[in-house]
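> Next comes the sequence, and after it the predicted model I'd like to discuss.
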Amino acid sequence: MFGIVKRMMRERVRKRAFPESWRAILERNFAYYGVMDEPSRERLHGLIHIFLNEKRFEGVGGLKMTDEIRVTIAAQACVLMLGRDDITDFFPTLSSIIVYPERYVAPSKQMNPDGTVSEGMQGRLGESWLRGNVVLSWSDALAGGQDLRDGKNLVFHEFAHQLDGETGAVQGAPKLPAHKCYQAWASVLGSEFQQLRRAVQSGRPTLLNAYGATNPAEFFAVATETFFEKPVAMRREHPELYAKLAAYYSQDPAGCCDDCYGFNCPPAPGTTPGSVPGSITGTTPTSGSGSESDDGTSVAARR
Ligand SMILES: [Zn+2]
């Protein structure tokens, strides 16, 4: 019952007019918006309205919060939701986005291989907490939005952690349509994770950022960045992983060519998401938070 009411309220909010000034912000700051077709843009506008209506933004470290910051961050987060028909769940455990002007320093604890714990201060780009907050560096969130093709997007990364956490634990296995889906997910993502670890350990170049080898939760977040920013290469080099993410996100950003990102192109046979995704299980930490260090190393559990 509550879900129905919430969905009706969200449907009303998403139909609000989208200000021209917000469009201008997206055209300036979010390269992905530049390749989207108009129906997808309209859908994104509605999701941005819901996001801004429900989530609180707070500037810290001297940052004055503006529409420019809110809209730019909300748009990137909402790209992950573009393929969802059911908007009953909308980053359900997230209440606030805390934004620093740039990379920030925070206390960190790190488990050493010998079981001891090191404490200190560490520079970070962002972090995602299982309940409550996402923390972001604005300069890095903006840079990630403006560059569509480098495979790095801080907002995609942190909000992938939020989706991962919808199950109650951040472990590289987001909420899937049915219990039986997790086995296939674990098989594909588990194998790809191990493959990345081996490649990183042996110093081989990888399409996915080496940070994804930290643990399965980071692997899912890094794979999400690659999926949206280097989809054609991912489909070519990691077809099973691409298919799982395409099914999970109900999006096909590889589309028909290097430049289309799945917009304005006819659906090609075999590229439409159809299979059901599964999960990585049994190998990951389940603590409630993670943070991204600015040197790409793991701080706590994850970035
Ligand atoms: Zn992370």
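Okay, I see it. Computed from a prediction, not measured in an experiment: that's the story for all the values here.
> So, low pLDDT: which residues of this structure?
By pLDDT under 70, the weakly predicted segments of the chain are 1-2, 113, 267-303.
> what about the strands in it?
For the chain, applying DSSP state E gives strands covering 56-59, 94-100, 104-111, 117-129, 132-137, 289-293.
> what's the closest of these to the ion?
For the ion, the closest of the strands of the chain is strand 289-293, at 5.0 Å, according to Cβ to the ion. All C-beta atoms are positioned from the backbone trio N, CA, C, and that covers glycine.
> rewinding a little: same list (the strands of the chain) but as JSON lines, adding distance to the ion and mean neighbour count.
Compiled in JSON lines, those are given as follows (distance: least, Cβ to the ion, whole Å; neighbours: other Cβ atoms under 10 Å):
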{"stretch": "strand 56-59", "distance to the ion": "20", "mean neighbour count": "15"}
{"stretch": "strand 94-100", "distance to the ion": "15", "mean neighbour count": "21"}
{"stretch": "strand 104-111", "distance to the ion": "14", "mean neighbour count": "14"}
{"stretch": "strand 117-129", "distance to the ion": "7", "mean neighbour count": "18"}
{"stretch": "strand 132-137", "distance to the ion": "11", "mean neighbour count": "22"}
{"stretch": "strand 289-293", "distance to the ion": "5", "mean neighbour count": "24"}
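> Between those strands, which one is closest to residue 218.
Smallest distance to residue 218 across these (Cβ to Cβ): 7.6 Å, for strand 289-293.
> what about the nearest residue to residue 156 once chain neighbours are set aside, how many residues close to it?
Ranked by Cβ to Cβ, 6 or more residues apart in numbering and with sequence neighbours excluded, the top spatial neighbour of residue 156 is residue 225, at 5.0 Å. Residues lying near residue 225 (other Cβ atoms under 10 Å) number 23.
> Any figure for the gap between residue 225 and the ion?
10 Å (Cβ to the ion, to the nearest Å).
> shouldn't that residue be in contact with residue 150?
No. With contacts counted by Cβ atoms under 8 Å, residue 225 stays clear of residue 150, the gap being 9.2 Å.
> Could you chop this structure up by domain?
Domains of the chain are assigned by automatic domain parsing as 2-167, 171-285.
> Pick the most buried one from those domains.
Highest mean neighbour count among the domains of the chain (mean count of other Cβ atoms under 10 Å): domain 171-285, with a mean of 19.
> wait, isn't residue 232 in contact with residue 256?
No. Counting by Cβ under 8 Å, residue 232 does not reach residue 256; the two are 9.6 Å apart.
> Excluding chain neighbours, what is closest to residue 76?
Closest to residue 76 by Cβ to Cβ, 6+ apart is residue 155, at 3.7 Å.
> do the same with residue 96
residue 56 (4.5 Å).
> Please give me every residue in contact with the one you found.
Shown in contact with residue 56 (Cβ atoms under 8 Å, 6 or more residues apart in numbering): 95-97.
> Could you double-check that residue 98 lies in contact with residue 137?
No. Between residue 98 and residue 137 there is no contact under Cβ under 8 Å: 10.5 Å.
> ok, now how distant is residue 35 from the ion?
When residue 35 is compared with the ion (using Cβ to the ion), they lie 25 Å apart.
> Look up how far residue 259 lies from that residue.
Distance of residue 35 to residue 259, given as Cβ to Cβ, to the nearest Å: 7 Å.
> Same question for residue 100.
Separation of residue 100 from residue 259 (Cβ to Cβ) stands at 34 Å.
> do the same with residue 134
For residue 134, the distance to residue 259 - Cβ to Cβ - is 30 Å.
> what's near enough to touch residue 153?
With Cβ under 8 Å, 6+ apart, residue 153 has these contacts: 76, 144-145, 225, 228-229.
> What segments of the protein are helices?
2-14, 20-29, 31-35, 38-54, 67-79, 138-146, 154-164, 181-201, 216-229, 231-237, 239-249 (DSSP state H).
> TSV please, covering these and showing distance to residue 85.
Shown next, in TSV, are the helices of the chain (distance: least, Cβ to Cβ, whole Å):
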stretch	distance to residue 85
helix 2-14	11
helix 20-29	23
helix 31-35	21
helix 38-54	11
helix 67-79	14
helix 138-146	25
helix 154-164	16
helix 181-201	17
helix 216-229	19
helix 231-237	21
helix 239-249	12
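> And those: which comes nearest residue 172?
Taking the helices of the chain one by one with Cβ to Cβ, helix 216-229 is closest: 3.2 Å.
> re the thing from before, would you list the strands of the chain in JSON lines and tack on distance to residue 4?
Formatted as JSON lines, the strands of the chain follow (distance: least, Cβ to Cβ, whole Å):
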{"stretch": "strand 56-59", "distance to residue 4": "25"}
{"stretch": "strand 94-100", "distance to residue 4": "22"}
{"stretch": "strand 104-111", "distance to residue 4": "40"}
{"stretch": "strand 117-129", "distance to residue 4": "29"}
{"stretch": "strand 132-137", "distance to residue 4": "26"}
{"stretch": "strand 289-293", "distance to residue 4": "32"}
